[in-house]
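> Below: sequence and its predicted model.
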Amino acid sequence: MAHEILSVKLCELDDRISRLQGRIHLSESSDFDALDDELRKMEKECSESRQALSDKLHHSKSDAVMSLAGSYDAVEDAIKQLKRCDGKDRSADEKILLAEYSLDFALLAAETALYKALEAIKAFKDEQRSA
């Protein structure tokens, strides 16, 4: 059962990453106004996703999830700091560099999630074997 839940989450991640990749490709050929609209749309989507995840984390009764919620809050603070530092005075090259590192961070988060998923599957199988 645990692997099915994790497989669904992995498919969701794959789908969302594919859509993000498509949006990046489309934005490269978009005019300035369309790109500005896409930025506003993406900012709204990020805000909604952020709020939904925060709500789920902070309403959990699990001690482990509450600990994760604290880490999530620290990441949110770092994202807010990055936004404050990411003023219009940055060059396009600097913004590309920040985007590149943000993608590296996202990849590391995905790899860490995979590690946690494998740990969970192993623990589930170990419990089944012991029963």
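Received the coordinates, thanks. Residues are numbered from 1 along each chain as shown.
> C-terminal to the helix or strand bottoming out on mean pLDDT in the chain, what's the next element?
In the chain, no helix or strand scores lower on mean pLDDT, DSSP states H and E than helix 63-85, which sits at a mean of 85. Where DSSP states H and E defines the elements, the next helix or strand beyond helix 63-85 is helix 92-130.
> what about L82, how many neighbours?
12 (other Cβ atoms under 10 Å). Quick note: C-beta positions are derived from backbone N, CA and C, even for glycine.
> how far away is it from A34?
From L82 across to A34, the span is 25 Å (Cβ to Cβ, to the nearest Å).
> From the chain's centroid, how far away is the least confident helix or strand of the chain?
How far helix 63-85 lies from its chain's middle: 12 Å, per Cα atoms, centre = their mean, to the nearest Å.
> Show me what it is packed up against.
Counting contacts by 3 or more Cβ pairs under 8 Å, 6 or more residues apart in numbering; DSSP states H and E, helix 63-85 is packed against helix 32-58.
> Which positions within the helix it packs on qualify as buried?
L57 (16 or more other Cβ atoms under 10 Å).
> what helices or strands is that helix leaning on?
helix 2-28, helix 63-85.
> Make TSV from the ones you listed and add distance to D93 to it.
TSV is the format used below for the helices and strands packed on helix 32-58 (distance: least, Cβ to Cβ, whole Å):
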stretch	distance to D93
helix 2-28	16
helix 63-85	15
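> For Q128, find the nearest of those helices.
helix 2-28 (9.7 Å; Cβ to Cβ).
> got a list of what L26 touches?
E38 (Cβ atoms under 8 Å, 6 or more residues apart in numbering).
> How about R23?
By Cβ under 8 Å, 6+ apart, R23 lies in contact with 38, 42.
> Quick test: name the residue nearest the centre of this protein.
A106 (6.2 Å; Cα atoms, centre = their mean).
> Next one: that residue from A92, what distance?
Distance from A106 to A92, by Cβ to Cβ: 21 Å.
> Check S29 too.
When distance is defined by Cβ to Cβ, S29 is 17 Å away from A92.
> Ok, Q81 next?
Q81 is 21 Å from A92, by Cβ to Cβ.
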